[in-house]
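> The sequence and its predicted three-dimensional model are supplied below.
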Amino acid sequence: MAFVAAAPIALGSAATTARATCQIGSSAFVGRDHVAARLPAATAPVHMSVNDAGVKAASSPASAAGAVSESTEPLLVRAARGETIERPPVWMMRQAGRYMKVYQELAKKHPSFRERSEVSELSTEISLQPWTAFRPDGVILFSDILTPLPGMGVGFDIPDKGPVISPPLRSESAIRAVHTLDPDAACPFVGQTLRDLRKEVGGEAAVLGFVGAPYTLATYCIEGGSSKSYSAIKKMAYTEPALLHSLLTKFADNIAKYCCYQIECGAQAVQMFDSWAGQLSPVDYDLFAGPYQRSVVEQVKAVHPDVPFIIYISQGGVLLEKMAATGVDVVSVDWTVDMADARTRLGADMGVQGNLDPAVLLGSKELITERVVDVIRKAGPTGHIMNLGHGVLPITPEENVAHYFKTVQEFRW
């Protein structure tokens, strides 16, 4: 994709800017005129050699896609914009967290997840732990998709057993009480963490923000937490669809504001997680998930057209084309889809992220190298961000994570 360069972010005035520029609602839609065609992804075989120094391309189609970009922006941002780069950028979903010993020690001193994610000093420290250890190309905010809920009038907690929303939102009066989010008032710690991360990371990596998609937030709120059957939200969808649509509309508008706030506080790209949309039939996805994903993307793009937007849906392999149709710049692919097939289905003008099976990081270093290179080769030299197909597993050895990062960082087209 071709993007106009984003204007510099005045970090000191981010909160003021957020209040001034993020007054957007569900009527603020734009098309994809800001997106130009991405340079075609190479499809010719790439011959690799692997040695102790890393993975090199003996011959490569990258030159056919154009000269390597000399932009000074972070590698991840350049990849998301479809520029030709020397290697794919790399990060991991859940890269700050339970598999790291430094995180485990910090969590002993601060056992509340909400404290760790809502005290900016702690959130910043945790976000930087994998940066210090592995130097990923993306440093993602340590937070939770439920973090903005109290700012909408919805209380929650995250004990050891998982998130709890009590009482759940199952009545017209409860949903009517959900109100407009003021991110700066409700989540100032998020803004502070993002500003601090930009200062700490500098231009060496992209600072990433993230949000939960409307359907996933609604699922948590209506179910009262995690669910295996999703019966409460599906019952509402089939018996009181107007009520569910009203909640989804509120969430879409509020999440768009929250995305804008994160960008204006320093996020250089944002990822939207729709964790439970993969549990919907295609018909119901088109009714209850896709339109509200699109609403968030279009509202954010109306204000920040040049900031890369990534979407991820767990078990979303059958939905790739629908995900791309929401107007995002990058579709994050889970590990159940072969990357070559994903490229074919999505076309050359859509960026991709992923998609190593997280369990591969439990294997040998030789296996990790082999599988990482396989993903990179199939994704091609433009428009690919290397990642896992889901979050890193808590039992993953840190030395294997280090090898994963090193393999990608030493790769060259």
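Thanks, I have the structure now. Numbers count the residues shown, from 1 in each chain.

> separation between residue 410 and residue 369?
Counting by CB to CB, to the nearest Å, the separation of residue 410 from residue 369 is 10 Å. Where C-beta positions appear, they are placed from N, C-alpha and C, glycine not excepted.

> With neighbour numbers in mind, choose between these two.
Neighbours of residue 410 and residue 369, each counted by other CB atoms under 10 Å, are more numerous for residue 369; the result is 19 against 16.

> my read: the more buried one touches residue 406, true?
No - in this structure residue 369 lies outside contact range of residue 406 using CB atoms under 8 Å: 9.3 Å.

> in the biggest helix by length in the chain, what's buried?
Using DSSP state H to assign secondary structure, the helix with the most residues in the chain is helix 241-264. Of all the residues in helix 241-264, those buried under the rule 16 or more other CB atoms under 10 Å are 243-245, 247-264.

> For whatever helix or strand comes next after that helix, which strands pair with it and how are they oriented?
Elements were assigned by DSSP states H and E; along the chain past helix 241-264, the next helix or strand is strand 269-273. Next to strand 269-273 in the sheet, as set by DSSP bridges, lie strand 206-212 (parallel), strand 309-312 (parallel).

> Residue 395 is nearest to which of the ones you listed?
Within the strands paired with strand 269-273, the stretch nearest residue 395 is strand 309-312; the backing value is 21.8 Å (CB to CB).

> If you average pLDDT per helix and strand, which one of the protein comes out bottom?
Of the helices and strands making up the chain, the lowest-confidence element is helix 14-21, at a mean of 38, by mean pLDDT, DSSP states H and E.

> Start from the N-terminal end of the stretch 151-300 of the chain and give the helices.
Residue ranges of the helices in the stretch 151-300 of the chain, as given by DSSP state H, counting those that start in this stretch, are 172-176, 183-186, 188-201, 214-223, 231-239, 241-264, 282-288, 290-303.

> beta partners for residue 382?
Applying DSSP bridges, one finds that residue 382 bridges with residue 84.

> okay, now residue 235: neighbour count?
Burial of residue 235, expressed as a neighbour count using other CB under 10 Å, amounts to 13.

> what's the residue closest to the geometric middle of this structure?
The geometric centre of the chain, computed from its C-alpha atoms, lies nearest to residue 271 (CA atoms, centre = their mean), at 2.5 Å.

> Tell me who's in contact with it.
By CB atoms under 8 Å, 6 or more residues apart in numbering, the contact set of residue 271 is 140, 208-211, 309-312, 332.

> So which of those wins on neighbours?
Across the contacts of residue 271, the neighbour count under other CB under 10 Å reaches its highest value at residue 312, namely 28 neighbours.

> Would you check that that one makes contact with residue 270?
No - here residue 312 does not reach residue 270: they are 11.3 Å apart, not a contact under CB under 8 Å.

> quick one: stretch 137-153 to chain centroid distance?
Relative to its parent chain, stretch 137-153 has a centroid offset of 11 Å by CA atoms, centre = their mean, to the nearest Å.

> so what pLDDT did residue 227 get?
Here, the pLDDT recorded for residue 227 equals 86.

> For residue 302, the count of nearby residues, please.
So residue 302, with other CB under 10 Å, has 15 neighbours.

> Tell me how far it lies from residue 90.
With distances defined as CB to CB, the gap from residue 302 to residue 90 amounts to 31 Å.

> in this protein, which ranges drop under the pLDDT threshold?
Along the chain, the parts satisfying pLDDT under 70 run over 1-70.

> make it 50
Within the chain, the segments meeting pLDDT under 50 span 1-65.

> Looking at the strands paired with strand 269-273, which is nearest to residue 222?
With distances scored as CB to CB, the stretch of those nearest to residue 222 is strand 206-212 (13.7 Å).

> Show residues contacting the closest one.
74-77, 89, 91, 137-141, 143, 145-146, 148, 194, 197-198, 201, 220, 255, 258-259, 262-263, 266-275, 296.

> Would you mind getting the angle between it and helix 214-223?
Computed with axes from the mean of the first three to the mean of the last three CA atoms, to 10 degrees, the direction of strand 206-212 lies at 50 degrees from that of helix 214-223.

> shift numbering so it begins at 11
In the new count, where the first residue is 11, that last one comes out as strand 216-222.

> relative to helix 300-313, how tilted is strand 216-222?
With the same axes, to 10 degrees as the basis, strand 216-222 and helix 300-313 are set at 140 degrees to each other.

> ok so, going back, possible to save the helices of the stretch 161-310 of the chain as CSV with distance to residue 395?
Putting these into CSV (distance: least, CB to CB, whole Å) gives the following:
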stretch, distance to residue 395
helix 182-186, 36
helix 193-196, 26
helix 198-211, 17
helix 224-233, 21
helix 241-249, 31
helix 251-274, 18
helix 292-298, 24
helix 300-313, 17
